[in-house]
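S.K.: what's the 3D shape of this:
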Amino acid sequence: MKNKIMVISLVLAMTVSVISLSGCVEDDESELIDVLVTIVPQKEMVEAIGGPFVSVTVMVPPGQSPHSYEPTPDQMIKVARASAYFKVGSGVEFEVVHMDTILEQNSDLQVFDCSEDISVISFDEHYGKEDHREEEGEHDHEEVDEHDHGGTDPHIWTSPMNFKKMAEVVYNGLVEIDPTYQQEYYDNYQSYISLLDALHYNISELLEPFEGSSFMVYHPAWGYFADTYRLKQIAIEDEGKEPGPAGIAALIQQAKALNISVIFVSSQFDTSNAQTIADEIDGKVIPVNPLMSDYWETLMQLAKDMVLGFGS
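M.R.: Predicted structure coming up:
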């Protein structure tokens, strides 16, 4: 298996080089297509496919949360001159709250929905979620309105297979607004799809022996990833609600019963409860950012850390 992963990684390195070289074409900045995206992972995708012909603005910058971020005046200036917006489309709170204002600022903006052909589901519909609710009982949670998703899980991009579908929307959208460089977009798109296929293959090789296993997270951002690889996500935060003392005690008991030794957290949230649980189970807290700027590296490292947790 390791040899296979090394071969795929070599293919990845070669493909990245091809994409990088395609970006060496000199282009007048005034002729670039101004493109908007909501979250950081989309920026990598649009730049990989658009190459030297696009200028990408991320509406929710690194380190900020899509649940609470407010666009700045400088960003709204960029909105006014943009040609296209590739929205996530899955119910990301920033888009729900601000999309009407963005369109008022630029009524000619072409909006492309990257959730097209992706099944956007509720947190409760993920693989293994109902089983966990039966095991857990009704944990007490303290409501935190700021992060309440209303039950729908917007984190579709955490599955490489979903990310492929999002890339297709980006490719088709760029061709629609700028057919001059269709061949360049197509070549870049095919290269990027190869990257995602290789990533999916590598992660599948790592996680297939652990199908049905459970992992614990603070914020439930990894449900689509879990579905893709037949894993069960257990979240400390439940649909925007913090666990109370009884909920924390139940999660500790559940983590011990399932031999969970790793809890994954993201920097956008207060993760003190995750550390409390980790201390009680003699485990450790590992950071992983669902709003990653390095898609391949983040998901591969997540899979490797999961294997370590499952194997301990």
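S.K.: The stretch 151-300 of the chain: helices as residue ranges?
M.R.: Remark: helices assigned in the stretch 151-300 of the chain by DSSP state H, counting those that start in this stretch are 160-177, 182-207, 223-228, 245-257, 272-280, 295-311.
S.K.: Can you tell me which of those helices is most buried?
M.R.: Compared across those, helix 223-228 shows the largest average neighbour count, a mean of 24 (mean count of other CB atoms under 10 Å). No exception for glycine: its C-beta is placed from N, CA and C like everyone else's.
S.K.: among the helices of the stretch 151-300 of the chain, which is nearest residue 82?
M.R.: helix 160-177 (10.6 Å; CB to CB).
S.K.: Just the CA trace of that closest one, in PDB.
M.R.: Provided in PDB are the C-alpha atoms of helix 160-177 (Å, rounded to 0.1, in the frame of the first residue of the first chain):
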ATOM      1  CA  PRO A 160     -12.800  14.900  -2.500                       C
ATOM      2  CA  MET A 161     -15.600  13.500  -4.600                       C
ATOM      3  CA  ASN A 162     -17.800  16.500  -3.900                       C
ATOM      4  CA  PHE A 163     -14.800  18.800  -4.600                       C
ATOM      5  CA  LYS A 164     -14.600  17.200  -8.100                       C
ATOM      6  CA  LYS A 165     -18.200  18.200  -8.800                       C
ATOM      7  CA  MET A 166     -17.400  21.700  -7.600                       C
ATOM      8  CA  ALA A 167     -14.400  21.800  -9.900                       C
ATOM      9  CA  GLU A 168     -16.700  21.000 -12.900                       C
ATOM     10  CA  VAL A 169     -18.900  23.900 -12.000                       C
ATOM     11  CA  VAL A 170     -15.900  26.200 -12.000                       C
ATOM     12  CA  TYR A 171     -14.600  24.900 -15.300                       C
ATOM     13  CA  ASN A 172     -18.000  25.300 -17.000                       C
ATOM     14  CA  GLY A 173     -18.500  28.700 -15.500                       C
ATOM     15  CA  LEU A 174     -15.100  30.000 -16.600                       C
ATOM     16  CA  VAL A 175     -15.700  28.800 -20.100                       C
ATOM     17  CA  GLU A 176     -19.100  30.500 -20.200                       C
ATOM     18  CA  ILE A 177     -17.800  33.900 -19.200                       C
END
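S.K.: related to what we said a few turns ago, and the helices of the stretch 151-300 of the chain as CSV, adding distance to residue 84 and mean pLDDT?
M.R.: CSV is the format used below for these (distance: least, CB to CB, whole Å; pLDDT from 0 to 100):
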stretch, distance to residue 84, mean pLDDT
helix 160-177, 5, 98
helix 182-207, 13, 98
helix 223-228, 25, 98
helix 245-257, 43, 94
helix 272-280, 38, 92
helix 295-311, 21, 94
